[in-house]
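K.L.:
fold the following for me, if possible:
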Amino acid sequence: MYALVEDGSITKIINNPRSMIIADVQYPAKIFQLWSSSELNAIGIYEVITDTSNLKDEKWYFNTNESYA
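P.N.:
Okay, here's the model as predicted:
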């Protein structure tokens, strides 16, 4: 999963790689496979890393309220 960050805030969550227009430039879906993390970061796309260390037992609790930073 990736996030598009514009002006310091997350504007879009990208669950599946797809072609995108960023700053009037069309990028193909292949950038998610071919580009390095630093190249993606340069155009405002960051990988979302899920931290599951604080989740409770799903048998007894609903784990909700995800937040992104």
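
K.L.:
next, count neighbours for Leu4.
P.N.:
Leu4: 16 surrounding residues under other CB atoms under 10 Å. Every C-beta, even on glycine, is put in place using the N, C-alpha and C of the backbone.

K.L.:
touching, it and Thr11? I think so.
P.N.:
Yes. In this structure, Leu4 sits in contact with Thr11. The criterion is CB atoms under 8 Å, and the distance is 5.3 Å.

K.L.:
residue ranges for the strands of the protein, please.
P.N.:
With DSSP state E as the definition, the chain shows strands at residue ranges 2-6, 9-14, 20-22, 25-27, 45-47.

K.L.:
could you dump those to a markdown table with mean pLDDT and distance to Asp57?
P.N.:
As requested, those are exported to a markdown table (pLDDT from 0 to 100; distance: least, CB to CB, whole Å):
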| stretch | mean pLDDT | distance to Asp57 |
| --- | --- | --- |
| strand 2-6 | 93 | 28 |
| strand 9-14 | 91 | 26 |
| strand 20-22 | 92 | 38 |
| strand 25-27 | 95 | 41 |
| strand 45-47 | 94 | 28 |
